[in-house]
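Engineer: My questions are about this predicted structure, shown below with the sequence.
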Amino acid sequence: MTRSEAHRGEDRFERLSKGLSSVLNPDLEVLDAMDRVITACVELTSATEAGIVLADASGTLHVIASTSERTSDAEEAQLGTNEGSCLDCFRTGKTIDVPDVTTHETVWPTFAETMHERGLRGTLAEPIRLRDGTIGSMCLFADHTDGHDDRDVVLIQLLADAASAALVRQRDAGRLRTFEEQIDDAIQARVLVEQAKGALAYRRGNARLLDAALGQR
């Protein structure tokens, strides 16, 4: 390893340390903490996009955080069709690493097609664990098939643990009584965010239509 490579490695872990401290801030809402986790995933690893899904009390997974609309699309496609890396990761409690989703087209036909349509080619899902169980998964997406090196894998595992630890910190701080309440709160907050986005898009669409109509007069 060259000095420059060693320096980059030290810089990356220094940024990770700062990111973990930020994520574990007990004053953060659940959504904010999860957003910081996935932002760190993209900044510190070779992933292009990232997202988090968490299970409610009935075991149903919900999208809690995503770095972009195409990430959200890829995650929702998995939940809607019951196939994909996030689902397999949650079910097995194991890391699912598929650098090239074309190798899994027969296993995940709809998910692989959605990935292709969104310009994404590889995926890695890491379980988010609590005690002896799995409460969700952190899913990374890439627009390449290079996969993740050993350092990436270590960072991804640390960030998945940070997501779990953030929930613990908030519970210990007395913000919410149970993990189920925390996850339900995050789900409801996510719904409100998406509704707000939809309303804003609707208003912008109407404004464009009005501008077009006025321009024709």
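Structural biologist: That came through, no problem. Numbers count the residues shown, from 1 in each chain.

Engineer: C-alpha only now, for contacts and for neighbours.
Structural biologist: Noted.

Engineer: for stretch 148-163, which positions count as buried?
Structural biologist: Counting neighbours by 16 or more other Cα atoms under 10 Å, one finds that the buried residues in stretch 148-163 are His148, Asp152, Val153, Leu155, Ile156, Gln157, Leu159, Ala160, Asp161, Ala162, Ala163.

Engineer: need those in TSV with distance to Trp108, pLDDT and secondary structure, can you?
Structural biologist: Converted to TSV, the buried residues of stretch 148-163 look like this (distance: Cα to Cα, whole Å; pLDDT from 0 to 100; DSSP: H, G, I helix; E, B strand; the rest coil):
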residue	distance to Trp108	pLDDT	secondary structure
His148	21	94	coil
Asp152	24	91	helix
Val153	23	92	helix
Leu155	26	90	helix
Ile156	23	93	helix
Gln157	24	92	helix
Leu159	26	92	helix
Ala160	24	93	helix
Asp161	27	90	helix
Ala162	29	89	helix
Ala163	26	90	helix
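
Engineer: Going by distance to Leu31, which of these wins?
Structural biologist: Ranked by distance to Leu31 (Cα to Cα), those are led by Ala163 at 10.4 Å.

Engineer: how much space between Asp73 and Thr134?
Structural biologist: Using Cα to Cα, to the nearest Å, one obtains 23 Å as the distance from Asp73 to Thr134.

Engineer: And those two? Which one has more around it.
Structural biologist: Thr134 (20 against 17; other Cα atoms under 10 Å).

Engineer: before we move on, which element is the closest residue to Asp73 other than its chain neighbours in?
Structural biologist: Take Asp73 and drop its neighbours on the chain: the residue closest to it by Cα to Cα, 6 or more residues apart in numbering is Thr114, 7.8 Å away. In this structure, Thr114 is located in helix 109-117 according to DSSP states H and E.

Engineer: circling back to that earlier point, which residues touch the residue nearest to Asp73?
Structural biologist: Asp73, Ala74, Ala77 (Cα atoms under 8 Å, 6 or more residues apart in numbering).

Engineer: Just name the closest of these to Leu61, please.
Structural biologist: Distance to Leu61, by Cα to Cα, is smallest for Ala77 among these, at 12.1 Å.
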